[in-house]
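Q: I need the structure of the sequence given here:
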Amino acid sequence: MFSKIAVNNVKRSFRDYSIYFLTLTLAVCIFYSFNSIESQNAILELNKNPIFHDSLNKLITGTSIFVSFVLGGLIIYANNFLIKKRKKELGIYMTLGMPKRKISKILLFETFLIGLVSLIVGILLGILVSQGLSLLVANILGVNLNHYQFIISLSAVIKSVVYFGIIYGLVMIFNQYTISKYKLIDMLHASKKNEEVKLKNAFISVLVFTLSVILLVTAYVRVLETGLDAANTELFITVIMGVFGTLFFFFSTSSFFIHVVKKNKKVYLKGINIFILRQINNKINTNFLSMTLICLMLFLTITLLFTAFDLKGTIDRSLEGNKEFDASAFLVVDNESEDPRENDIEEYLKDINFTFENNEKYAFYSEYKLSLTIEDLLSDYLSEQEQVDLVKDYLGGPMSAIKLSDYNSILEITGNESIQLSDDEVLVLSSYDNITDALPEFMENEDSIQIEDKEYTIKNDVAIEKNIKANLDSDFFYLVIPDNFDGDLELESTNFNVIYDERYFDESEERFSTLFNDMWDNKYRDVSPALVIGNTLNQIKDRQNGMAAMVVFIGLFLGLIFIISSAAVMALQQLSDASESLGRYKALKRIGVTERMINKAILKQSFIYFFAPLSLAIVHSIVGIIALNDIFSFHYESIIVSTLFLGIIYGVYFYSTYVGVKNVVKNGNS
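A: Residues are numbered from 1 along each chain as shown. Below you'll find the model as predicted:
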């Protein structure tokens, strides 16, 4: 009998359950899609790197646990709304003699039924969405999917069932506890509860609103000046100012807005605007804390989505390093070693019996440390922040140098002509981001470099931006010095570069990939104690793509979860407020207000309530994205895609809420 009542309740109250069902279904869908990523084709191409594979698994597990807590809280909040909405119905059950234990059984079965349906629909939808997500990630990361396959991840299905099974179990326990605490009188009179208005005084509302604007503007100016360097203590103060500015904004904005509108009698007294403004004032005043949290979550959502979808352009910018060499390796010199052979990478290769093939062009060279630092060299042209960045990025120490003969051997294998330097000349090689402004000024105004007691003329007018090794990192700074340089030199590393013959590219790539992986695994530790690190260009690209993939997953996953949570909470609050305001809508009906006017009022309320936190979040995001522009180069494509994602999900919740509130009011007035 109880199961029949529960099924009938679900059918009868499907409109009330629609937001709850939509939230659960989307949550399961996104949860499955994210956890199925490691089985998708785009990632299988990147999973060849064991380091990336392990990192990805840890990332997915950790993020899934975090998201489970977020979704658990959201589902409990939504379920609490449903119980509150049905207090009167449950009170009638008790009046008719049904004990709380049996009421709990009905709610238990209803929760189980809704959970089961949403779980099944969510997983089925997730299976479809995950295929599209795989193609999207492949497009963002430039992964080739020649052999695309439709994949269903069994492990993701199991995780979704287990995680959401635990959440639903907690919800059921919560329902039992909630029902046991309710009194009959509270249930029967639940709809008569009035909102608590937090701020009535016009002067105080204007004062608090002004304070909020001052805090927000100050926070914006500070973040644009100091950037988003997490190590900067100023950032913490800026964040606190932004949070409190947002809190004060929503605490005061409704009262401030209503006092401003009151001044314009034509607007205030038009139609049922008085009713609309009072409703909005009550809602925002009552829920200003949740609106603050929602605004901040939407801000994170927008920023995460923009960052994730714009990652392709950022990756392309990070791949602007020297791609002439197919592989490079270096041996870290131990200056305390008494055997010079231990610091020679050429001897190391002989010891492990590795030789170059005839179709592979290679060059050995050595890197040295000078007594001169970049900070000393460019001190007159670096700002204080740039000097801090140099030290932070470990580039405030001795500058690196390479001898002319070694540099010419590198030029030779790339097919470039060798260069000549006199005994008092040097070449500058650099494209280090933090000094790109300072270096051109230096080279325009200076024609020499002082190294110890000798002055060297700079031969080139503009820094050479080609690196001397296979490296996709565009940050480097070297000096090319004469072979007979008589200053203080400390050997830093011995190195080699390789260029494959295109006809034997795959064979050479496999040889050097295996070599460098064996070095990483210390396979040759018994042969030589030297520390040698090498990478092929493809390995570096895979590593870059792997890191990028993780940022994409985090951005998409957390962004979608945050927007669903934010929109769901706002929808549930709107529906809850509509149930509690039925008496007001009935009063409007009695004084002759038409259903069309009431629906128009509901639309205006829903729009303002939904888009007030979104509007401020957009302003926050614009400032944040401008501050991030040094790291990410945002393009219109990322703006369009991010806006579509945000608009579709937020729009669906907005429209569903509007329809839901209309139905609540219509059914309540009938």
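
Q: Contact partners for Phe250?
A: Contacts for Phe250 (C-beta atoms under 8 Å, 6 or more residues apart in numbering) come out as 284, 288, 291-292, 295, 612-613. For every residue, glycine as well, the C-beta is placed using N, CA and C.

Q: Double-check that it belongs to a helix.
A: Yes: secondary structure of Phe250 (DSSP: H, G, I helix; E, B strand; the rest coil): part of a helix.

Q: how does the protein divide into domains?
A: 1-193, 327-537 (automatic domain parsing).

Q: mean pLDDT lowest for which of those domains?
A: Across the domains of the chain, domain 1-193 has the smallest mean pLDDT, namely a mean of 71.

Q: Using TSV, lay out the domains of the chain together with distance to Ile280 and mean neighbour count.
A: Listed next are these as TSV, based on distance: least, C-beta to C-beta, whole Å; neighbours: other C-beta atoms under 10 Å:
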stretch	distance to Ile280	mean neighbour count
domain 1-193	18	17
domain 327-537	44	16
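
Q: right, and those - which one's nearest Phe645?
A: Among these, domain 1-193 comes nearest to Phe645, with 10.5 Å by C-beta to C-beta.

Q: which residues touch stretch 463-474?
A: By C-beta under 8 Å, 6+ apart, the surrounding residues in contact with stretch 463-474 are 318-328, 330, 365, 402, 407, 410, 427-431, 433, 439-440, 443, 476, 478, 495, 497, 535-537, 540-541, 544.

Q: Which of the residues you listed fall in helices?
A: Using DSSP state H, the members of the contacts of stretch 463-474 that fall within helices are 318, 407, 410, 439-440, 443, 537, 540-541, 544.

Q: how far away is Gly165 from Ile561?
A: 19 Å (C-beta to C-beta, to the nearest Å).

Q: ignore the last one, Ser409
A: Counting by C-beta to C-beta, the gap from Ser409 to Ile561 is 54 Å.

Q: Asn416 belongs to a helix, doesn't it?
A: No: Asn416: not assigned to a helix; according to three-state DSSP it is coil.

Q: after the top strand by length along the chain, next one along is what?
A: Criterion DSSP state E: the longest strand present in the chain is strand 361-373. With elements assigned by DSSP states H and E, the helix or strand that comes after strand 361-373 is helix 374-377.

Q: That following helix packs against which elements?
A: helix 384-392 (3 or more C-beta pairs under 8 Å, 6 or more residues apart in numbering; DSSP states H and E).

Q: 10 Å instead?
A: Where contact means 3 or more C-beta pairs under 10 Å, 6 or more residues apart in numbering; DSSP states H and E, helix 374-377 is packed against helix 384-392, strand 398-403, helix 438-445, strand 448-451, strand 477-481.

Q: circling back to that earlier point, indicate each strand paired with the longest strand of the chain and its parallel or antiparallel sense.
A: Strand pairing for strand 361-373, determined by DSSP bridges: strand 398-403 (antiparallel), strand 490-499 (antiparallel).

Q: any idea how far the closest residue in space to Ile561 that isn't next to it in sequence is from Ile540?
A: Of all residues not flanking Ile561 in the chain, Val67 sits nearest, at 5.4 Å (C-beta to C-beta, 6 or more residues apart in numbering). In this structure, Val67 and Ile540 are 31 Å apart, going by C-beta to C-beta.

Q: follow-up on the earlier one: so for Met597, which of the strands paired with strand 361-373 sits nearest?
A: That would be strand 398-403 among the strands paired with strand 361-373, by C-beta to C-beta, at 75.4 Å.

Q: ok so, going back, reformat the strands paired with strand 361-373 as CSV; add distance to Tyr20.
A: Shown next, in CSV, are those (distance: least, C-beta to C-beta, whole Å):
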stretch, distance to Tyr20
strand 398-403, 61
strand 490-499, 60
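
Q: among these, which is nearest Ile598?
A: strand 398-403 (74.3 Å).

Q: related to what we said a few turns ago, tell me which of the strands paired with strand 361-373 sits nearest to Leu116.
A: strand 490-499 (58.7 Å).

Q: Helix or strand next in line after the closest one, which one?
A: For strand 490-499, the following helix or strand on the C-terminal side (DSSP H and E) is helix 505-520.

Q: Check the offset of that following helix from the chain's centre.
A: Once both centres are worked out by C-alpha atoms, centre = their mean, to the nearest Å, helix 505-520 turns out to sit 34 Å from its chain's centre.

Q: try stretch 610-630
A: So, by C-alpha atoms, centre = their mean, the centroid of stretch 610-630 is 14 Å from its chain's centroid.

Q: What would it look like as PDB? C-alpha coordinates only.
A: As requested, the backbone C-alpha atoms of stretch 610-630 are provided in PDB (Å, rounded to 0.1, in the frame of the first residue of the first chain):
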ATOM      1  CA  PHE A 610      18.200  34.600 -11.200                       C
ATOM      2  CA  PHE A 611      20.200  37.200 -13.000                       C
ATOM      3  CA  ALA A 612      21.100  39.500 -10.000                       C
ATOM      4  CA  PRO A 613      23.900  37.100  -8.800                       C
ATOM      5  CA  LEU A 614      24.800  36.300 -12.400                       C
ATOM      6  CA  SER A 615      25.300  39.900 -13.300                       C
ATOM      7  CA  LEU A 616      27.600  40.600 -10.500                       C
ATOM      8  CA  ALA A 617      29.400  37.300 -11.100                       C
ATOM      9  CA  ILE A 618      30.000  38.400 -14.700                       C
ATOM     10  CA  VAL A 619      31.600  41.700 -13.500                       C
ATOM     11  CA  HIS A 620      33.800  39.700 -11.100                       C
ATOM     12  CA  SER A 621      34.700  37.400 -14.000                       C
ATOM     13  CA  ILE A 622      35.600  40.200 -16.400                       C
ATOM     14  CA  VAL A 623      38.100  41.600 -13.900                       C
ATOM     15  CA  GLY A 624      39.500  38.100 -13.100                       C
ATOM     16  CA  ILE A 625      39.900  37.300 -16.800                       C
ATOM     17  CA  ILE A 626      41.700  40.600 -17.500                       C
ATOM     18  CA  ALA A 627      44.000  39.700 -14.600                       C
ATOM     19  CA  LEU A 628      44.500  36.200 -16.000                       C
ATOM     20  CA  ASN A 629      45.200  37.500 -19.500                       C
ATOM     21  CA  ASP A 630      49.000  37.400 -18.900                       C
END
